[in-house]
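In: missing the sequence, but the structure's below:
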Ligand SMILES: NC(=O)c1ccc[n+]([C@@H]2O[C@H](COP(=O)([O-])OP(=O)(O)OC[C@H]3O[C@@H](n4cnc5c(N)ncnc54)[C@H](OP(=O)(O)O)[C@@H]3O)[C@@H](O)[C@H]2O)c1
């Protein structure tokens, strides 16, 4: 695979498996750690070749690539999902080398964790651009290069529908993300591409430490949810694999919360 705009970190000479023959191809933003990496692991087990996009943590990305490569062909790409042109270059490169893409997952997320009255327009723009805008950029890049049928999945969160402390901007971005999912589902259905979201509850993970009360969200979840256990990253990966086996589930938000939101 050619180096595109210096974005790739992969050294072809060390890769024993750059050829993808007849295997489905998946692109995952934020696919090199956390929930994205769990999704990548599950898809690797299910026989997907993987293109993983990350932003800053090079060592973790290389580590993820090297482990996953024991199972499947994997390439990693450094990019900011706010740069739609860069996403296009990456997807074009994957398509040229590997062929049409069966699945695109917008899992990358970031944002400013503060009470809304302490935020600025810059914070708002940044959070919305990464979490919601990234899906539009990914869709623009990937749709012309997809298999038909193909699937696009966005990772949302319960915070699109309920409030958590300091989650105002991220919650707003996830609500926007879900609206974009419904709109893309309408726009792309005729091309045989489904677009859905998965909205998990709080999952014990380093991400929650960005929120002062993040750990208490998990405790509260475990207390209230009928099965009294926490969610895992793998619960999200398993749900995603259910969704992509279907071609008539479209424009939906699949909630993964053990029934948490239904509890009075
Ligand atoms: N953890 C939870 O409790 C929870 C609950 C519900 C929903 N979610 C959602 O699940 C998804 C994954 O969450 P997580 O906890 O696994 O997240 P995480 O561990 O913080 O990982 C985020 C990933 O996104 C990448 N990323 C961030 N900003 C980016 C940008 N501008 N461009 C490209 N990549 C970028 C990061 O790259 P680097 O590794 O290079 O930094 C990383 O790979 C998110 O959409 C999140 O909102 C999480």
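Out: Now that the structure is in, tell me what you want to look at. Since the structure is predicted, the reported quantities are computational estimates derived from the model, not experimental observations.

In: top helix in the chain by residue count?
Out: Longest helix of the chain, by residue count under DSSP state H: helix 168-188.

In: Helices along this protein, start to end?
Out: With DSSP H as the criterion, the chain has helices at 34-45, 58-68, 84-98, 121-128, 134-142, 168-188, 214-224, 233-243.

In: in the fourth one, what counts as buried?
Out: Just to be clear, that refers to helix 121-128. Neighbour-count burial for helix 121-128, with 16 or more other Cβ atoms under 10 Å as criterion, is recorded at 123-124, 126-128. C-beta here means a position set from N, CA and C on the backbone, and glycine is covered the same way.

In: As CSV, those with pLDDT and distance to residue 117 would be great.
Out: Rendered in CSV, the data for those read as follows (pLDDT from 0 to 100; distance: Cβ to Cβ, whole Å):
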residue, pLDDT, distance to residue 117
123, 98, 12
124, 98, 12
126, 98, 17
127, 98, 15
128, 98, 18
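
In: List just the nearest of these to the ligand.
Out: Using Cβ to the nearest ligand atom, residue 126 comes nearest to the ligand of the buried residues of helix 121-128, at 8.8 Å.

In: Residue 155 contacts residue 104, doesn't it?
Out: No. Taking Cβ atoms under 8 Å as the definition, residue 155 is not a contact partner of residue 104, at 11.8 Å.

In: Write out the residues of the stretch 51-200 of the chain neighbouring the ligand.
Out: Residues of the stretch 51-200 of the chain lying close to the ligand by Cβ under 6 Å from any ligand atom are 53-57, 60, 79-82, 107-110, 130, 155, 157, 200.

In: if we go to 5 Å?
Out: For the stretch 51-200 of the chain, the contact set with the ligand under Cβ under 5 Å from any ligand atom comprises 54-57, 80-81, 107-110, 130, 155, 157, 200.

In: Which of these sits closest to residue 28?
Out: Each of those was checked against residue 28 using Cβ to Cβ; the closest is residue 107, at 5.8 Å.

In: So for the closest one, what's the pLDDT?
Out: What the model reports for residue 107 is a pLDDT of 98.

In: now residue 167
Out: 97.

In: That one - nearest residue in space that isn't next to it in sequence?
Out: When the adjacent residues along the chain are set aside, residue 167 lies closest to residue 159, with 4.7 Å between them (Cβ to Cβ, 6 or more residues apart in numbering).

In: quick one: is the lowest-mean-pLDDT helix or strand in the chain near the ligand?
Out: Considering only helices and strands, the least confidently modelled element of the chain by mean pLDDT, DSSP states H and E is helix 214-224, at a mean of 94. No. On the criterion Cβ under 5 Å from any ligand atom, helix 214-224 is out of touch with the ligand, staying 7.7 Å away.

In: any idea how far that helix is from the chain center?
Out: Between the mean C-alpha location of helix 214-224 and the chain-wide mean there is a distance of 23 Å, by Cα atoms, centre = their mean, to the nearest Å.

In: which helices and strands does that helix pack with?
Out: With contacts defined as 3 or more Cβ pairs under 8 Å, 6 or more residues apart in numbering; DSSP states H and E, helix 214-224 has no packing partner among the helices and strands.

In: Buried residues, it. List them.
Out: Residues of helix 214-224 classed as buried by neighbour count (16+ other Cβ under 10 Å): 214, 217-218, 221-222, 224.

In: okay if I get the residues you listed as TSV plus distance to residue 71?
Out: Shown next, in TSV, are those (distance: Cβ to Cβ, whole Å):
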residue	distance to residue 71
214	32
217	33
218	30
221	32
222	32
224	37
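
In: Sort out which of the residues of the stretch 51-200 of the chain next to the ligand are buried, if you could.
Out: The neighbour count (16+ other Cβ under 10 Å) marks 54-55, 80-81, 107-110, 130, 155, 157, 200 as buried among these.

In: follow-up on the earlier one: and the longest helix of the chain with helix 121-128, angle?
Out: Angular relation of helix 168-188 and helix 121-128 on a 0 to 180 degree scale: 50 degrees, by axes from the mean of the first three to the mean of the last three Cα atoms, to 10 degrees.
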